[in-house]
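Enquirer: Kindly generate the corresponding structure for this input.
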Amino acid sequence: MTMAFKAFSKQLFGARYESAGKSLLASGILFFAIRIAEMKLQIAPFILYLTSAAFTGCIVWQTLRSSRCVEILQGMLMLPFANRPFVFSYTLVIGGYVLITKTMLAWALLFAAGSWRGYEIVLALICGCCACFVSTAAYLLYRQKSYVPLVLGIICILAAALAFHQSIAITMILTAGCIASVIYLFFANAYGFCHAGTKKTKARYRNRKGSIFAYLMRYLMANKNYLINTVGLCIVACFLPFLLGEFENLNVLPFGFAILCLNTSICTLLSCDADLEQSVKTMPGQAIRFYGRYCLFIACINFTLSCLYQVVWLVHNENISAANIWASILFAVQSAILSVILEWKYPVRDWKTESDLWHHPRKYIVPLVMLPLAALVGIWPIVIWLWSAVFMVECFALPRLMRRLSHE
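Expert: I've put the predicted structure just below:
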């Protein structure tokens with residue numbers, strides 16, 4: 001078990017566990033920055049425990065599905081191994097990786113912003129650890145197509161969590177789920193973690209007619225994680241009109257357009273697939289042919305989300321002007337252009353799993369650029385028409401810019 005644990009750890013954390021050190025440093029900086037700023041929030045302990053469990057469980061599931069983990073697992077399964085130590089080593093490493101590199105940042109934010117007792121912090125840590133085992137067992141049930149116990153377990157946990165808002169109740173529920181998951185993992189088969197690699201999936205959806213837009217659409221359909229992220233943004237688009245309140249002399253509708261630009265997985269297709277990036281950059285004329293259609297692809301998805309957001313806004317507020325509709329088009333296309341330029345010039349390199357890629361700080365650059373524009377549009381509507389003039393000039397200059405970038 002020790003050898004397998006070390007092998008998995010060095011693959012995910014790095015040879016010297018540098019990923020863990022960077023995450024702990026970032027979490028410490030975030031914690032003390034919020035403490036010094038004296039930012040306080042009233043958070044119920046029940047919400048802390050539920051957030052720790054749900055966030056950790058989702059990221060563990062996402063990490064288990066990542067192509068990087070599949071490659072590591074396939075290589076390890078080619079060697080002789082003892083089944084039970086192998087399963088628990090893999091589970092512990094994946095859980096520890098998610099807790100240290102992902103959940104630790106969320107804990108730093110929650111612990112710094114709230115006022116907690118010592119036992120509440122301990123219970124939050126226990127909930128996060130329990131979620132690692134529960135999510136891993138649920139993933140194996142899903143892989144083995146044992147949907148009945150999986151669905152029943154999820155329904156029981158959600159029903160109990162929603163029915164009992166006491167801290168001790170949610171902790172006991174997760175602890176019981178953790179014990180059941182450990183028992184299940186005790187008899188689980190290590191080959192249950194492994195599934196078909198991404199190369200076969202990509203070959204199945206290879207584009208033979210030369211349509212880049214069709215290739216991107218098939219690539220999106222072949223990778224379910226991208227669809228899940230887009231569906232999640234659709235849900236956000238439906239709730240945003242209810243979350244964004246009304247302010248005097250400020251149109252808050254454009255803020256939703258800026259928030260819906262945060263579609264990380266769609267905007268990192270080339271960073272996720274180094275072979276595709278190399279092929280595109282080595283072929284002549286792809287600065288316009290591929291990246292132009294890639295930009296249109298992202299813009300279509302962004303505009304679809306904006307349309308859904310505006311429909312719900314219209315039902316809720318009954319007030320959308322033609323200028324706001326035009327603003328949604330500007331936000332969709334402008335964010336797509338910026339995302340494509342970032343993918344062309346600054347692709348994300350040093351990532352271990354797709355979860356690392358999708359949670360990379362670079363994903364916040366485009367929304368952070370769009371939010372000030374949304375504020376300006378909300379305060380002064382004339383900014384829309386000034387931006388339109390600049391946008392027209394940008395569209396004419398963009399092909400020349402892309403050709404220049406392709407020669408650098």
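
Enquirer: Grab the longest helix from this structure for me.
Expert: helix 286-317 (DSSP state H).

Enquirer: How about that helix, which residues are buried there?
Expert: Neighbour-count burial for helix 286-317 flags 286-287, 290-306, 308-310, 312-313 (criterion: 16 or more other CB atoms under 10 Å). Heads up, the C-betas are built off the backbone N, CA and C, glycines and all.

Enquirer: again with stretch 14-25
Expert: Neighbour-count burial for stretch 14-25, counted by 16+ other CB under 10 Å, picks out S19, A20, S23.

Enquirer: ok, now how distant is R68 from F239?
Expert: For R68, the distance to F239 equals 32 Å [CB to CB, to the nearest Å].

Enquirer: okay, those two: which has more neighbours?
Expert: For R68 versus F239, neighbours defined as other CB atoms under 10 Å are more numerous around R68 (18 against 11).

Enquirer: hang on, that one packs against L357?
Expert: No - the pair R68 and L357 does not pass the contact test of CB atoms under 8 Å, sitting 9.4 Å apart.

Enquirer: Report the set of residues contacting both of the two.
Expert: Listed as contacting both R68 and L357 by CB atoms under 8 Å, 6 or more residues apart in numbering is no residue at all.

Enquirer: How about the contacts made by G192?
Expert: Here G192 is in contact with L140, R143, Q144 (CB under 8 Å, 6+ apart).

Enquirer: hmm, try it at 10 Å
Expert: By CB atoms under 10 Å, 6 or more residues apart in numbering, the residues touching G192 are V87, Y139, L140, L141, Y142, R143, Q144, L185.

Enquirer: if I've got this straight, it is in a helix?
Expert: Yes - with DSSP: H, G, I helix; E, B strand; the rest coil as the criterion, G192 is assigned to a helix.

Enquirer: For it, which non-adjacent residue is closest in space?
Expert: L140 (4.8 Å; CB to CB, 6 or more residues apart in numbering).

Enquirer: Next one: the one you found from V182, what distance?
Expert: Distance, L140 to V182, using CB to CB: 12 Å.

Enquirer: can you list residues touching both of those two?
Expert: Residues touching both L140 and V182 by CB under 10 Å, 6+ apart: T91.

Enquirer: More neighbours: these two, which one.
Expert: Neighbour comparison, L140 and V182: the larger count goes to L140, with 22 against 16 (by other CB under 10 Å).

Enquirer: Count the residues that sit near I126.
Expert: I126: 17 neighbours (other CB under 10 Å).

Enquirer: of all the contacts of G192, which comes closest to F46?
Expert: Sorting the contacts of G192 by distance to F46 puts Y139 at the head of the list, at 25.8 Å, by CB to CB.

Enquirer: wait, doesn't that closest one sit right on I59?
Expert: No - using CB atoms under 10 Å, Y139 makes no contact with I59, being 12.0 Å away.

Enquirer: what do the two both touch?
Expert: Going by CB under 10 Å, 6+ apart, residues that sit against Y139 and also against I59 are I94.

Enquirer: okay, those two: which has more neighbours?
Expert: Per other CB under 10 Å, whichever of Y139 and I59 has more neighbours is I59, with 26 against 22.

Enquirer: Hmm, the more buried one is touching H359, no?
Expert: Yes - taking contacts as CB under 10 Å, I59 lies within contact range of H359: 8.4 Å.

Enquirer: buried sites along stretch 370-381?
Expert: Using 16+ other CB under 10 Å as the test for burial, stretch 370-381 gives M370, L371, L373, A374, A375, L376, V377, G378.

Enquirer: The third one reaches I379, doesn't it?
Expert: No - here L373 lies out of contact with I379, judged by CB under 10 Å, at a distance of 11.0 Å.

Enquirer: No more questions from me, cheers.
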